[in-house]
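With the input below, show me the fold.
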Amino acid sequence: MKAIYLTKQGDAFSSFEQREVPKPKAGKGQALIKVEAFGLNFADVMARRGMYKEAPPLPCLLGYDVAGTIEQLGDGVTGFSVGDRVMAMTRFGGYAEYALTEALAMAKIPTSISSAAATALTTQYCTAYYASAYVTNLFAGDSVLVQAGAGGVGTALIQYAKYKGCQIFATAGSSDKIEYLKKCGVHHPINYKSQDFVEEVKKVTGKNGVDIVFDAVGGKSVKKGMTLLNSGGRLVCYGAADLSDKNIFGKLKSVLDFGIYHPLFLMMPSKAIIGVNMLKIADNKPQIIQHCLQKVVDLVDKGVFVPEVGQVFKPAEIGAAHDFLEKRKSIGKVVVQW
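Okay, here's the model as predicted:
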């Protein structure tokens, strides 16, 4: 089978190599998927930059989400058949024509969804559901700030917040993305390149701020977001994109910019910081992944979740796909299709 290996860390256009390797076999509780499309995530960019410690040693196969058909089932797998069209999370290995997944991290694709769109439903939409309905909970009337709202997870969070009847603020960095946020139903879109999101939120909410901040940026964005939380507010961190394009000194500054929070200073105003790493959840609590996948499919069927595909690339364009994502040009999910 063909597989796209990360062979060195650094530039998007010189770090990958397509190789011919043996097709894997499904073990107990696993499924082998003939991949039609695989998704890119910002963690892939971090791994290529040498900043994602969970990544396997080089040379390695990245990839956390795939869509395709079941080629082979391992012992003990029930509820699926060879030939079923599925989407799945992968513990790396997704950048290939065939990929292994644990059956608990797999779901049948709704008939209304393309393979490219289905890749967004695993990592991005499961992350959004876990962050907004599992580790916290949105209620009608809550005020919500979504950082990087035009991304894959941001889009999903906005769709869920709209479904729950929240007042939605969201940030993006271009006029096209601001228009996209408006189309998604964001009440208060904010261009973070020309506006200070703290000031813009306070213009609307006054001293009350917001109830929930979802942050994929990290650095000073987190510290500023904390200043916006009302009593009972929660800040959910699920990424650190601010670290990706900086030298060692810039990275250190970004880490310090997160701020230091003593439990006492969270308890007194009744605020919370919650970290989300779906890879760790998949490793240690796969039943949660299974639950989230099923809930995501249910919400697709209800028309709540509608995945947005920002750009589809060919395997030979993997460098361009990484560059596109890293430079934050994407709206929605970035996909590679075989």
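
Next, the distance between the ends of stretch 308-317.
This stretch, stretch 308-317, spans 20 Å end to end (Cα to Cα, to the nearest Å).

Now do the contacts for the nearest residue to Val335 once chain neighbours are set aside.
In this structure, Val335 finds its nearest non-sequential neighbour in Ala116, 4.4 Å apart by Cβ to Cβ, 6 or more residues apart in numbering. Where you see a C-beta, it was placed from the backbone N, CA and C, and this is true even at glycine. By Cβ atoms under 8 Å, 6 or more residues apart in numbering, the contact set of Ala116 is Ala37, Ala67, Val309, Val312, Lys333, Val335, Gln337.

Turn those residues into JSON lines, including distance to Asp75 and secondary structure.
What follows is those, written out as JSON lines (distance: Cβ to Cβ, whole Å; DSSP: H, G, I helix; E, B strand; the rest coil):
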{"residue": "Ala37", "distance to Asp75": "28", "secondary structure": "strand"}
{"residue": "Ala67", "distance to Asp75": "24", "secondary structure": "strand"}
{"residue": "Val309", "distance to Asp75": "35", "secondary structure": "strand"}
{"residue": "Val312", "distance to Asp75": "35", "secondary structure": "strand"}
{"residue": "Lys333", "distance to Asp75": "33", "secondary structure": "strand"}
{"residue": "Val335", "distance to Asp75": "32", "secondary structure": "strand"}
{"residue": "Gln337", "distance to Asp75": "31", "secondary structure": "strand"}
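
Quick one, which of the residues you listed are buried?
Ala37, Ala67, Val309, Val312, Lys333, Val335, Gln337 (16 or more other Cβ atoms under 10 Å).

Can you tell me which of those is nearest Ala43?
Using Cβ to Cβ, Lys333 is the member of the buried ones among the contacts of Ala116 that sits closest to Ala43, with 13.7 Å.

Surely the closest one and Gly152 touch.
Yes. Using Cβ atoms under 8 Å, Lys333 is in contact with Gly152, at 4.6 Å.

Identify the contacts common to the two.
The contact sets of Lys333 and Gly152 overlap at Gly39, Ala120, Gln124, Pro307, Glu308, Gly310 (Cβ under 8 Å, 6+ apart).

which one of those is nearest Met106?
Gly39 (14.6 Å).

Could you double-check that that closest one lies in contact with Leu121?
No. Counting by Cβ under 8 Å, Leu121 is not a contact partner of Gly39; they are 9.4 Å apart.

How many neighbouring residues does Val297 have?
Neighbourhood size, Val297 [other Cβ atoms under 10 Å]: 20.

in the helix or strand where it lies, what's buried?
Assigned by DSSP states H and E, Val297 belongs to helix 286-301. Of all the residues in helix 286-301, those buried under the rule 16+ other Cβ under 10 Å are Pro286, Ile288, Ile289, Gln290, His291, Cys292, Leu293, Lys295, Val296, Val297, Leu299, Val300.

can you redo the buried ones among the contacts of Ala116 as a markdown table with pLDDT?
Shown next, in a markdown table, are these (pLDDT from 0 to 100):
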| residue | pLDDT |
| --- | --- |
| Ala37 | 98 |
| Ala67 | 98 |
| Val309 | 93 |
| Val312 | 97 |
| Lys333 | 94 |
| Val335 | 97 |
| Gln337 | 97 |
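
Adding distance to Gln147, write these out as JSON lines.
Formatted as JSON lines, the buried ones among the contacts of Ala116 follow (distance: Cβ to Cβ, whole Å):
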{"residue": "Ala37", "distance to Gln147": "27"}
{"residue": "Ala67", "distance to Gln147": "27"}
{"residue": "Val309", "distance to Gln147": "21"}
{"residue": "Val312", "distance to Gln147": "25"}
{"residue": "Lys333", "distance to Gln147": "18"}
{"residue": "Val335", "distance to Gln147": "23"}
{"residue": "Gln337", "distance to Gln147": "29"}
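
and which of these is nearest Thr111?
Nearest to Thr111, judged by Cβ to Cβ, of the buried ones among the contacts of Ala116 is Ala67 at 13.1 Å.

Which strand residues bridge the closest one?
Ala37, Met87 (DSSP bridges).
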